[in-house]
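Asker: Okay, here's the prediction I keep looking at, along with the sequence it came from:
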Amino acid sequence: MNQPEPHIRAHGEDALKELDRLKSGGGTEIKERIAHVIDQLVLMRNELIAAQRGGKPVDEWLARTNAILSSIFGTEFPKGGLQWKRICESRDALRNLLGNA
């Protein structure tokens, strides 16, 4: 899989660090951390889109980042409480994306 520029990866690495710091539970701290993760993934996605438009081969990175972003975004508006399993799955998917590059 082709590597994106280091500054693009840095957004994903920042999001992963934040996900690794999360503890199950609730409260405003978790919501703030999830919001930060989403912000970083949106920045990463937007920079991947720009790279793709510039001719860089980042299609797989973009597709996987979009999937992770969609998954983690859904945890912010849970119907029955915070979806911890989904957060963990998103974290693992991001770790896999960053580690396989």
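Answerer: Thanks, I have it.

Asker: Hmm, H36 and L22 touching each other?
Answerer: No - the pair L22 / H36 is not scored as a contact, 10.5 Å apart, by CB atoms under 8 Å. Bear in mind the C-beta positions are built from the backbone N, C-alpha and C, glycine included.

Asker: Can you give me the buried ones in the host helix or strand of I38?
Answerer: Here I38 sits within helix 28-53, counting by DSSP states H and E. Buried residues in helix 28-53, counting neighbours by 16 or more other CB atoms under 10 Å, are found at 30, 33-34, 37-38, 40-41, 43-45, 47-48, 51.

Asker: Sketch out the low-pLDDT regions of this protein for me.
Answerer: Low-confidence segments of the chain (pLDDT under 70): 24-28, 75-82, 100-101.

Asker: what's the closest non-adjacent residue to the most centrally placed residue in the chain?
Answerer: Centroid check for the chain by CA atoms, centre = their mean gives L41 as the closest residue, at 4.3 Å. Spatial nearest neighbour of L41, excluding adjacent residues (CB to CB, 6 or more residues apart in numbering): L69 at 4.4 Å.

Asker: Would you confirm that that neighbour contacts Q40?
Answerer: No - shown here, L69 and Q40 do not form a contact pair, counting by CB under 8 Å, at 9.7 Å.

Asker: starting at the chain centroid, how far to the helix holding I38?
Answerer: Its chain's C-alpha centre and that of helix 28-53 lie 6 Å apart, by CA atoms, centre = their mean, to the nearest Å.

Asker: and the next helix or strand along the chain from it, which residues are buried?
Answerer: Using DSSP H and E, the helix or strand that follows helix 28-53 towards the C-terminus is helix 59-74. Buried residues in helix 59-74, defined by neighbour count with 16+ other CB under 10 Å: W61, L62, R64, T65, I68, L69, S71, I72.
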